[in-house]
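In: No sequence on hand, only this structure:
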């Protein structure tokens, strides 16, 4: 055995590669075999090469205002086919449930009338947008793209940590990570069937086209970005390029008579579907932030009159509220008449007096999160917090109990990760991405595995300095096909191996269609708003 694995020791958490007696799990045998032939020098050279290639290609992420190469670890996360089928069905089930929930609360609100949710819970959410009440999408889809964060606890059970149905980010790294790993571990790809991820842009574009307003046969689709200073700009450019559509900023669009047009050198061109990567607050200065320089005046009215489709829909953020998250199992039973496939992590609702009293007595043992937070911001991990931090948290919870939830400290599962010159266990989570085209929910095989790089760290968000891993979902044996639970579509049980790597090029797409001159003060304001918009879009 090579030195890189000789000192690998699992801890109290569930390890994805090694079982409790130190044996390699069946799904990891090919990866383990490849790693066993490498030396520390091999791993270090590969890691350096990856970082350099990612930097040159612009595969970066903003951390505290500094662009850094998106850290890709060499050891993939591997998921066996039977386990993936459960995850896939569970993710699709949640997306269908949250679709039904959003449609309901922005129209009849039956879920409130029937006593499943209290009215105040919905209306007090900072992301409930009254401006879009009554708007019904043409094909009934509000969640075109979803990212559902899941974890595995020490017992080996999979749990949902949170839902992301506003503007979930990170899928571009799924695709670029796969391209990189094909070159690093060609033998592992050749020795087993790994389900491909390169088809995501086609799936997304198909869903966006199906969401076009009625009567539009050849819809024009664009990707709306806050701009180059947004932390996820690389993803915006990559998705626009791979879908073959234009990447635009708000200043490239204008609304006329309830329709949206794109400024081009050939004149105005009609836009039918906007895949927006701009937060609600900045989308339309008429209805939301009046000082927004990132949105399009009149956009909400164009959506209301059916002149354009926004993906994802305005107001989806109420379904991301972590207090709403605690009710999702009940919502699944209410809307689908099914039992949840993937359970939630145990959670205390701090607006409940008894729960709040218990949590305040145990702050040092629990994880407390803001209900509208993202990117790991605002989380307080009790066992690692100082007395002053806990005292400040106690005051905030008492002042605004609606704004917080509490959960037990869960030791996330671990995967071998290159730290300096050896492999050590590091905690991971997983964000599978789902695309809803109105006829069914397709879940990208794998998703983004995020890894906390410091020893013992549990916050995996890239915006907090975490890294990522390629996620390999193994195809079922040739004699067995995957199940079709939860309206999941299966058409891609192949492999990325031997596919052209130009499917997902590591280059940045063309700039917006029209670049208008800006005064210095205007540019400073726009940069500031792009960075503000990064806070909620940087959930990866």
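Out: Received it, and whenever you're ready, just let me know what you need. Predicted model only: the values in this text are computed from it and were never measured.
In: Going by C-alpha atoms from here, please, whenever you check contacts or count neighbours.
Out: Noted.
In: ok so residue 146 is a strand residue?
Out: Yes - the assignment for residue 146 (DSSP: H, G, I helix; E, B strand; the rest coil) places it in a strand.
In: was I right about it contacting residue 95?
Out: Yes - using C-alpha atoms under 8 Å, residue 146 is in contact with residue 95, at 7.1 Å.
In: joint contacts of those two?
Out: Here residue 146 and residue 95 share the contacting residues residue 434, scored by C-alpha atoms under 8 Å, 6 or more residues apart in numbering.
In: Residue 44 - nearest residue in space that isn't next to it in sequence?
Out: Excluding the flanking residues, the one nearest residue 44 by C-alpha to C-alpha, 6 or more residues apart in numbering is residue 421, at 6.3 Å.
In: and that neighbour, how far is that from residue 451?
Out: 17 Å (C-alpha to C-alpha, to the nearest Å).
In: Tell me which of the two has more neighbours.
Out: residue 451 (30 against 14; other C-alpha atoms under 10 Å).
In: give the contact list for that one.
Out: 426-429, 460-461, 466-469.
In: Would you confirm that residue 322 contacts residue 350?
Out: No - counting by C-alpha under 8 Å, residue 322 stays clear of residue 350, with 11.3 Å between them.
In: what about residue 108, how many residues close to it?
Out: Residue 108 has 12 neighbours, counted by other C-alpha under 10 Å.
In: Could you check how far it is from residue 101?
Out: 11 Å.
In: State whether residue 27 is indeed within a helix.
Out: Yes - applying three-state DSSP, one finds residue 27 inside a helix.
In: In terms of pLDDT, where does it sit?
Out: Reading off the confidence values, residue 27 has pLDDT 95.
In: And for residue 182?
Out: Reading off the model, residue 182 has pLDDT 87.
In: Looks like it contacts residue 189 (just checking).
Out: Yes - at 6.9 Å, residue 182 counts as touching residue 189 under the criterion of C-alpha under 8 Å.
In: The nearest residue to residue 72 once chain neighbours are set aside in helix, strand or coil?
Out: Closest residue to residue 72 apart from its sequence neighbours, by C-alpha to C-alpha, 6+ apart: residue 468 at 5.0 Å. Assigned by three-state DSSP, the conformation of residue 468 is strand.
In: is residue 468 in a bridge, and if so with what?
Out: residue 72, residue 450 (DSSP bridges).
In: Show me where the stretch 351-500 of the chain has its strands.
Out: 366-370, 380-381, 404-408, 414-419, 422-431, 433-436, 441-443, 448-451, 467-469, 471-473 (DSSP state E, counting those that start in this stretch).
In: before we move on, what about the stretch 101-250 of the chain?
Out: With DSSP E, counting those that start in this stretch as the criterion, the stretch 101-250 of the chain has strands spanning 145-152, 158-164, 221-224, 246-248.
In: Select, out of those, the one closest to residue 437.
Out: Residue 437 sits nearest to strand 145-152 of all the strands of the stretch 101-250 of the chain, at 9.2 Å, using C-alpha to C-alpha.
In: What helices and strands are in contact with that closest one?
Out: Counting contacts by 3 or more C-alpha pairs under 8 Å, 6 or more residues apart in numbering; DSSP states H and E, strand 145-152 packs against strand 158-164, strand 422-431, strand 433-436.
In: how far does the shortest one sit from the chain's center?
Out: How far strand 433-436 lies from its chain's middle: 10 Å, per C-alpha atoms, centre = their mean, to the nearest Å.
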